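*Asks:* Give me a 3D structure for the following:
(chains A and B)
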Number of protein chains: 2
Amino acid sequence: LSKQIIGLVPGTGKQSKGIALRLGKAGFNVLIGSRKEEKAKKIAAELNDMIGKDCYQGFSNEQIVKKSDIVFLVVPPEYLENTLMTLNPFFKKRAIIVDVNVPLKFEEGICYYIEDENYKSASELIQAKVPEFVSVVGAFKTISAAKLNNLSRPLDVDVFLTSDNEEAINTLIEILSKIEGLRVLNAGPLIFSRTTEQMTALVININKLNKLKHASFKVMTARGKKN
Amino acid sequence: LSKQIIGLVPGTGKQSKGIALRLGKAGFNVLIGSRKEEKAKKIAAELNDMIGKDCYQGFSNEQIVKKSDIVFLVVPPEYLENTLMTLNPFFKKRAIIVDVNVPLKFEEGICYYIEDENYKSASELIQAKVPEFVSVVGAFKTISAAKLNNLSRPLDVDVFLTSDNEEAINTLIEILSKIEGLRVLNAGPLIFSRTTEQMTALVININKLNKLKHASFKVMTARGKKN
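*Replies:* Numbering: from 1, shown residues only, chains lettered A, B, ... in the order given. Below is the predicted model:
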């Protein structure tokens, strides 16, 4: 397993916990962040209990960024820019940010993707706001928190990785491929986060309009099996 | 089976033929269009031979539009506006256009979606350029021509339908659901053609970057089976 330190900022939401649980189950140690260190430690203890081993530790978000080689950024879109301003001084050289954000809104029962006026996607916004030596990888955008948290079911989905740093994608492929039932796919340059973010709105609508539950995308090859 | 007349404009390209073959195999009669009636008749005869029954007839594109309740529009993006100007006078009242166009470009080995400056998607452009009594449904955007043409393999993919006309979506669901191995999903308002068009570029890159072949998207539910 990778020797790189993995942290979640914050690690306290539903999607964060889902990612933390899947990583822990795959054998990784994961640092859980929160603005308040006390809350982070509490959640880490809960996650250790849930998974029955001691793989989570809680720290302040600032500490997580200082310690981690790979930072999962699970900040709600509206706090993204402020959070980055606060955390930017603490990123390690060559840190990787895994951006799982999807800005969404609902209008008359339909889910729409909120396109950032300047950057078009959350991933591109984050890449523009962090130090140059930090690489953003878009990931997990199309996978629901409910599916990540339901440990009794194999994931059986694909995760699409987008980044302008090929090496960062390869690092993530190595790590995430350890998660059971997750196929990790290189989905090209960071600009394609626009697509994966929009796909989240699309799949939410597909769920509702076709009475499916927690649907996610998977890429099928000509032979109709996973490759 | 539906009594609505189905036509393809034109029906002579690789993607058209794939759609025609799948519809013919599902039991539908299909009108094959071309700018030259002679060419349309030749292709229709070829398709009849391929499928071993007499379900294709060739006509000029103009005749197809006059006759058809459902017109599959398979015109290359660069000819779209001119073709519509020519055909607009001939659409039936309440005709449905099935738009399968995806404007793509390749740069340094990566496939990008060409966003229309004004309309953002081919489907929205078409809806803006046709008479008000014609409804556009985006479909088949994410499914490769190669997969459609390979009749020896079940399709085993999902088709995402986008339209601002719910009734048009329901008509298409009824028709396309007859195609073996194709799950037909309502993917919401026409604006989501932006997403399905972008997904085509995404899946082309996923194919190349991950050494997959003819990959297409499928929506998996929490139970990991088709619903």
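
*Asks:* With just CA atoms, put the helix or strand of chain A with the lowest mean pLDDT into PDB.
*Replies:* Comparing every helix and strand of chain A by mean pLDDT, DSSP states H and E singles out strand A:216-220 as the least confident one, with a mean of 82. Backbone C-alpha positions of strand A:216-220 (Å, rounded to 0.1, in the frame of the first residue of the first chain) are rendered in PDB as follows:
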ATOM      1  CA  SER A 216     -24.300   5.700 -10.800                       C
ATOM      2  CA  PHE A 217     -22.500   5.500 -14.200                       C
ATOM      3  CA  LYS A 218     -20.500   2.700 -15.400                       C
ATOM      4  CA  VAL A 219     -18.600   2.300 -18.600                       C
ATOM      5  CA  MET A 220     -19.500  -0.900 -20.500                       C
END
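
*Asks:* The residue nearest the centre of chain A: what's its closest spatial neighbour, skipping adjacent residues?
*Replies:* Among the residues of chain A, the one closest to the centroid is residue A:100, at 3.5 Å (Cα atoms, centre = their mean). Excluding its sequence neighbours, the residue lying closest to residue A:100 (Cβ to Cβ, 6 or more residues apart in numbering or on different chains) is residue A:140, at 4.3 Å. C-beta coordinates here come from the backbone N, C-alpha and C atoms, glycine included.

*Asks:* List phi and psi for the one you found.
*Replies:* Torsion angles at residue A:140 (phi, psi; degrees, to the nearest 10) stand at phi 60, psi 10.

*Asks:* what's the answer for the one 10 residues further on, then?
*Replies:* Taking degrees, to the nearest 10, you get phi -80, psi 80 for the backbone angles of residue A:150.

*Asks:* Kindly tell me how buried it is, as a neighbour count.
*Replies:* Residues within reach of residue A:150, counting by other Cβ atoms under 10 Å in any protein chain shown, total 15.

*Asks:* separation between it and residue A:14?
*Replies:* 11 Å (Cβ to Cβ, to the nearest Å).

*Asks:* got it, and residue A:98?
*Replies:* Residue A:98 is 17 Å from residue A:14, where distance means Cβ to Cβ.

*Asks:* Wondering if stretch A:119-137 reaches chain B at all.
*Replies:* No: using Cβ under 8 Å from any Cβ of the partner chain, no contact is recorded between stretch A:119-137 and chain B, whose separation bottoms out at 9.9 Å.

*Asks:* what's that stretch in contact with?
*Replies:* If you take Cβ atoms under 8 Å, 6 or more residues apart in numbering or on different chains as the criterion, stretch A:119-137 is touched by A:73, A:77, A:80-81, A:84-85, A:88, A:91, A:93-99, A:101-103, A:115-116, A:118, A:138, A:161-165, A:167-169, A:172, A:190-191, A:193-194, A:197.

*Asks:* give me the number of residues near residue A:45?
*Replies:* A count of nearby residues for residue A:45, using other Cβ under 10 Å, gives 15.

*Asks:* do residue A:167 as well
*Replies:* Residue A:167 has 11 neighbouring residues, counting by other Cβ under 10 Å.

*Asks:* What's the separation between it and residue B:177?
*Replies:* Here the criterion is Cβ to Cβ. By it, residue A:167 lies 45 Å from residue B:177.

*Asks:* Same question for residue A:214.
*Replies:* Counting by Cβ to Cβ, the gap from residue A:214 to residue B:177 is 23 Å.

*Asks:* Of those two, which one has the most company?
*Replies:* residue A:214 (19 against 12).

*Asks:* quick one: secondary structure of the more buried one?
*Replies:* What DSSP: H, G, I helix; E, B strand; the rest coil gives for residue A:214 is coil.

*Asks:* Touching, it and residue A:208? I think so.
*Replies:* No: distance between residue A:214 and residue A:208: 11.7 Å, which falls outside the contact criterion (Cβ atoms under 8 Å).

*Asks:* how far away is the closest residue to residue A:34 other than its chain neighbours from residue A:71?
*Replies:* Of all residues not flanking residue A:34 in the chain, residue A:40 sits nearest, at 3.8 Å (Cβ to Cβ, 6+ apart). Shown here: residue A:40 relative to residue A:71, a distance of 14 Å by Cβ to Cβ.
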